[in-house]
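In: Sequence first, predicted model second:
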Amino acid sequence: MTVDGLPMVVPARDLPTRVRIHEVGARDGLQNEKATVPTPIKAEFVRRLAEAGLTTIEATSFVHPKWVPQLADAEQLFPMVSDLPVALPVLVPNERGLDRALALGARRVAVFASATESFAKANLNRTVDEALAMFEPVVSRAKAEDVHVRGYLSMCFGDPWEGEVPVPQVVRVCTSLLDMGCDELSLGDTIGVATPGHVVALLAALDAAGIPPSALGVHFHDTYGQALANTLAALQQGVTTVDASAGGLGGCPYAKSATGNLATEDLVWMLRGLGIDTGIDLGRLVATSAWMATHLGRPSPSRTVRALSHEDTEEQ
């Protein structure tokens, strides 16, 4: 480690020079909290993330409050942050959610599909194909309004009910989402069971099906400590968009074995050491996650946040 609290930079071959981090802490992170975070605190969280240099911050979800009560304040929150000079995607589960998002001026939305029948049933009470049919008018209408659409695909590497998920099954759903008009896809390791070889195999199969790494992001959970290794494998295959959650917040309310997302700070530490540009001020990001941890009443699970916050305390 260097004297400024950052890793020594030692670039590796065949990696991108820049990575865009798709920050999901304010949505995917907070939606899994038992306690509801006050709206002004959420807005301040988003603002601090933007000030730390994050350029894509998923703000909230326009899902029915019955299903995700922690994000029931979407109409109140979005106008409080919409002036920020960053991309602010929002999750829309159906046409009603899209209507609510468009009414507030959202220019980036996301739909949330599943690669497996079991999770589609648990999450949306539909089959995979029924869910895709539900999303088709959402995506079509969004594109007609010149709104960017991201397609999330959960359970790409394993399912708690079905076990192993065949690669061709994932490729089929990815192809369907892109065919209906999604601008990009996020491959979700919802229960954190992926390993690097599996990541490489899926990306190779997608590329063979005409879906290049430039159309993809990766979304790894750290259940078995594999999130950074899997991310590095994806970067080596040409992926340049990585989902992460400030402080490692989040899981999945519909998959009980899902633990936290890859911590943004841990990702930035690795990328910084590899000489890959993110545009993020790690010190400000760590301070933001430490601040949010105080509002949640527990330490951040991010190893980097804990290490750097501990150093700061000792120096004081």
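Out: Alright, I've got the coordinates.

In: Stretch 61-69: which residues count as buried?
Out: 61-63, 68 (16 or more other CB atoms under 10 Å). C-betas here are computed from N, CA, C, even on glycine.

In: ok, of those residues, which one's closest to residue 244?
Out: residue 61 (17.6 Å; CB to CB).

In: Give me the pLDDT value at residue 65.
Out: If you check residue 65, the pLDDT there is 88.

In: Okay, and the beta partners of the residue nearest in space to the middle of the chain?
Out: Against the mean C-alpha coordinate of the chain, by CA atoms, centre = their mean, the closest residue is residue 243 at 3.8 Å. Beta-bridge pairing for residue 243 (DSSP bridges): residue 22.

In: can you check residue 150 too?
Out: Going by DSSP bridges, residue 150 is paired in beta bridges with residue 110, residue 184.

In: For this protein, just list every one of the strands.
Out: Secondary structure of the chain (DSSP state E): strands located at 20-23, 56-57, 60-61, 90-91, 108-114, 148-154, 184-189, 216-220, 241-244.

In: Adding mean pLDDT, write those strands out as JSON lines.
Out: JSON lines is the format used below for these (pLDDT from 0 to 100):
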{"stretch": "strand 20-23", "mean pLDDT": "98"}
{"stretch": "strand 56-57", "mean pLDDT": "98"}
{"stretch": "strand 60-61", "mean pLDDT": "98"}
{"stretch": "strand 90-91", "mean pLDDT": "98"}
{"stretch": "strand 108-114", "mean pLDDT": "97"}
{"stretch": "strand 148-154", "mean pLDDT": "98"}
{"stretch": "strand 184-189", "mean pLDDT": "98"}
{"stretch": "strand 216-220", "mean pLDDT": "98"}
{"stretch": "strand 241-244", "mean pLDDT": "98"}
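
In: Quick check: which of those is buried the most?
Out: strand 60-61 (a mean of 28; mean count of other CB atoms under 10 Å).

In: ok, back up a step: in the buried residues of stretch 61-69, find the pair that's most separated.
Out: Using CB to CB, the two most remote members of the buried residues of stretch 61-69 are 62 and 68, lying 9.9 Å apart.

In: Next one, pLDDT for the nearest residue to residue 211 once chain neighbours are set aside please.
Out: The shortest distance from residue 211 to any non-neighbouring residue, by CB to CB, 6 or more residues apart in numbering, is to residue 174 (5.8 Å). As predicted, residue 174 sits at a pLDDT of 98.

In: Is the residue nearest to the centre of the chain in contact with residue 216, as I believe?
Out: No. The criterion here is CB atoms under 8 Å, and residue 243 misses it with residue 216 at 10.8 Å.

In: Overlap in contacts, the two.
Out: Overlap of the contact sets of residue 243 and residue 216 (by CB atoms under 8 Å, 6 or more residues apart in numbering) consists of residue 186.

In: Tell me how many other residues crowd the nearest residue to residue 102 once chain neighbours are set aside.
Out: Of all residues not flanking residue 102 in the chain, residue 145 sits nearest, at 6.3 Å (CB to CB, 6+ apart). A count of neighbours around residue 145, defined by other CB atoms under 10 Å, yields 11.

In: Next: the one 10 residues further on.
Out: Neighbour count of residue 155, defined by other CB under 10 Å: 30.

In: wait, what's in contact with it?
Out: Contacts of residue 155 (CB under 8 Å, 6+ apart): 114-116, 119, 162, 165, 188, 190-191, 255.

In: tell me which of the buried residues of stretch 61-69 is nearest to residue 34?
Out: Looking across those and measuring by CB to CB, the closest to residue 34 is residue 68, at 12.6 Å.

In: I'd assumed residue 285 was in contact with residue 265.
Out: Yes. Assessed by CB under 8 Å, residue 265 is found in contact with residue 285 at 5.8 Å.

In: what residues do the two have in common as contacts?
Out: Counting by CB under 8 Å, 6+ apart, the residues touching both residue 265 and residue 285 are residue 246.

In: Done for today, thanks.
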